[in-house]
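Asks: Sequence plus predicted model, see below.
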Amino acid sequence: MTTSNGERTDVERAAERMDVVHVTRATLGGVRRHVIDLMLGLHRLGVRQALVYSPDEADAAFWEGLERLTAAGVASFAVPMAREIRARDDFRAGREILRIVRRLRPRVLHLHASKAGGIGRLAALAMPGVRVVYSPHASAANISRVYTGIERLLGRLRADRIVAVSESERRELERLGFVSPSKLVTVDAGVEAAEVRGAAGEAPAVPLPEGRIVICAGRMSPQKDPEFMVKVARELAPRFPDVHFVWIGDGELRPRVEAQVAEAGLGSRWTTTGWLANPFPLIAGAEVFALPSRYESFGYVTLEAMILGKPVVSTDITGSSDLVVPGETGFLVPPGDAAAFAEAVAGILSDPARAEALGEAARRRAEHFSRDRMAREALGVYQSLGVPAPAGAE
């Protein structure tokens, strides 16, 4: 309908509003995977979305995902955001986010990871009509007490929902007191299993080492703790002379890790591949997937390994405890206990029949963590905040 002078009515203008604007600084690794998959799943449900992202650290998979979103008609806006707290740069980024969001007039502003969560919630103080959803993707409380204080303050100032990507993350966030428990919800992360399996069938970007493979994947950073994995490899190498250790990824700790590998005499038994656009052929060729992380929120690569039928040995941390069923799909080990971690890996390497059973159970468990289910549950969160059900959505 239009008025007698041809102007659009308020109803028409409201119907043209964007449903959700997503904002993320993290455009690599698990957060990148989550944002792209979530947006693709929501698009299939008819949710009108836009993406504000920082291009500075974007990996190749992010640009590929952005192309898919663009082809689907999703608008995107590049806004540089620094990893560290930088008052001037953060103010500039917040002002630009505010300008974009006011132009798009979304019903919901969904912020992903701590930096976008901080800048976005401060900008949202000037947008009282927008509902704010925040997904921490591993709490900044793992970094320092300063970040814990910032998170608690912003949670009280501007947060309508905080979305955990695993139930164990929700419990952690409730314990930290970032927001009222009534505003905390869980939407288990998920991926499109068919895409993972299809990618695993491609030729590997680098040759698989000879022998049996224990594989890890992630940024070579304190969070992922590759130095711990070197200790594990040192324990295992004498017992399993045919086993090779592969780390898929790169990062600031790589020089230190490679020095420790050489010092331990593991140079011929350890491969660091660097970042790979498609790591799945290597993961598919491994005997065991290992996750030595100090903390996570979910652990996408763990789920992807499970989709490919790999038994998992992980530190017993947030996220992994939701995915790995001890003794059924793999094993959970106390963080910092390299001997126990090595023993869990050895138990799998020593028993091929058990390894096969663990891998098959992992594949079955992974079926729950689908992209479609994740998108439907996220839509339910948005609807609780006033986003209307898209036409045709269940």
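Replies: Nice, I can see it.

Asks: In this protein, where is pLDDT below threshold?
Replies: 1-17, 139-147, 391-394 (pLDDT under 70).

Asks: Buried residues, the longest helix anywhere in the chain. List them.
Replies: Ordering each helix of the chain by length in residues (DSSP state H) puts helix 87-104 first. Using 16 or more other Cβ atoms under 10 Å as the test for burial, helix 87-104 gives 90, 92, 93, 94, 96, 97, 98, 100, 101, 104. (Each C-beta comes from the backbone N, C-alpha and C, glycine too.)

Asks: List phi and psi for residue 36.
Replies: phi -60, psi -50 (degrees, to the nearest 10).

Asks: whoops, residue 327 was the one
Replies: Torsion angles, degrees, to the nearest 10, at residue 327: phi 80, psi -10.

Asks: for residue 131, same thing?
Replies: phi -80, psi 140.

Asks: which residues touch it?
Replies: 107, 108, 109, 160, 161, 385, 386 (Cβ atoms under 8 Å, 6 or more residues apart in numbering).

Asks: Spell out the secondary structure type for the nearest residue to it once chain neighbours are set aside.
Replies: Distance criterion Cβ to Cβ, 6 or more residues apart in numbering; nearest residue to residue 131, sequence neighbours excluded, is residue 385 at 4.1 Å. Look at residue 385: counting by DSSP: H, G, I helix; E, B strand; the rest coil, its state is coil.

Asks: How much space separates residue 385 from residue 356?
Replies: Going from residue 385 to residue 356 by Cβ to Cβ, to the nearest Å gives 46 Å.

Asks: follow-up on the earlier one: rebuild the contacts of residue 131 as TSV, extending it with neighbour count.
Replies: Formatted as TSV, those follow (neighbours: other Cβ atoms under 10 Å):
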residue	neighbour count
107	20
108	23
109	27
160	18
161	21
385	15
386	11
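
Asks: okay, the residues you listed in CSV with distance to residue 253 and secondary structure next?
Replies: CSV is the format used below for the contacts of residue 131 (distance: Cβ to Cβ, whole Å; DSSP: H, G, I helix; E, B strand; the rest coil):
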residue, distance to residue 253, secondary structure
107, 42, coil
108, 37, strand
109, 34, strand
160, 37, coil
161, 35, strand
385, 40, coil
386, 44, coil
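
Asks: which among those residues gets closest to residue 273?
Replies: residue 109 (37.2 Å; Cβ to Cβ).

Asks: Please report the number of neighbouring residues for residue 241.
Replies: Using other Cβ atoms under 10 Å, residue 241 has 8 neighbouring residues.

Asks: now swap in residue 281 and tell me
Replies: Residue 281 has 18 nearby residues by other Cβ under 10 Å.

Asks: Can you tell me the closest non-neighbouring residue to it?
Replies: Nearest to residue 281 is residue 204, by Cβ to Cβ, 6+ apart, at 3.8 Å.

Asks: Helix, strand, or coil at that neighbour?
Replies: coil.

Asks: start at 502 instead
Replies: Happy to do that; since the first residue is 502 now, the last one works out to residue 705.

Asks: isn't it right up against residue 778?
Replies: No: between residue 705 and residue 778 there is no contact under Cβ atoms under 8 Å: 11.2 Å.

Asks: neighbour count winner among these two?
Replies: Shown here are residue 705 and residue 778; by other Cβ under 10 Å, residue 705 has more neighbours (17 against 10).

Asks: hang on, the earlier thing: which member of the contacts of residue 632 is positioned nearest residue 634?
Replies: Looking across those and measuring by Cβ to Cβ, the closest to residue 634 is residue 662, at 4.7 Å.

Asks: quick one on the thing from earlier: show the contacting residues for the residue nearest to residue 782.
Replies: 782, 783, 786.

Asks: Just send the residues you listed back as a markdown table, with secondary structure and distance to residue 820 too.
Replies: Shown next, in a markdown table, are the contacts of residue 705 (DSSP: H, G, I helix; E, B strand; the rest coil; distance: Cβ to Cβ, whole Å):
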| residue | secondary structure | distance to residue 820 |
| --- | --- | --- |
| 782 | helix | 25 |
| 783 | helix | 22 |
| 786 | coil | 25 |
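
Asks: Next one: the closest residue to residue 736 other than its chain neighbours from residue 851, what distance?
Replies: Among residues not flanking residue 736 along the chain, residue 843 sits closest, at 3.6 Å (Cβ to Cβ, 6+ apart). Distance, residue 843 to residue 851, by Cβ to Cβ: 12 Å.

Asks: So for the two, which sits in the more crowded spot?
Replies: Legend: neighbour count by other Cβ under 10 Å for residue 843 and residue 851, higher for residue 843 (23 against 11).

Asks: Pretty sure residue 733 is one of the things the more buried one touches, is it not?
Replies: Yes: Residue 843 lies in contact with residue 733 (Cβ under 8 Å); the separation is 4.8 Å.

Asks: Show me the strands in the stretch 552-701 of the chain, by range?
Replies: With strands called from DSSP state E, counting those that start in this stretch, the stretch 552-701 of the chain shows them at 576-579, 609-613, 632-636, 662-665, 685-687.

Asks: who are the neighbours in contact with residue 590?
Replies: With Cβ under 8 Å, 6+ apart, residue 590 has these contacts: 581, 582, 583.

Asks: again, but for residue 679
Replies: Residue 679 touches 637, 640, 652, 653, 656, 660, 663, counting by Cβ under 8 Å, 6+ apart.

Asks: Among those residues, name the buried ones.
Replies: Buried members of these, counted by 16+ other Cβ under 10 Å: 637, 640, 652, 656, 660, 663.
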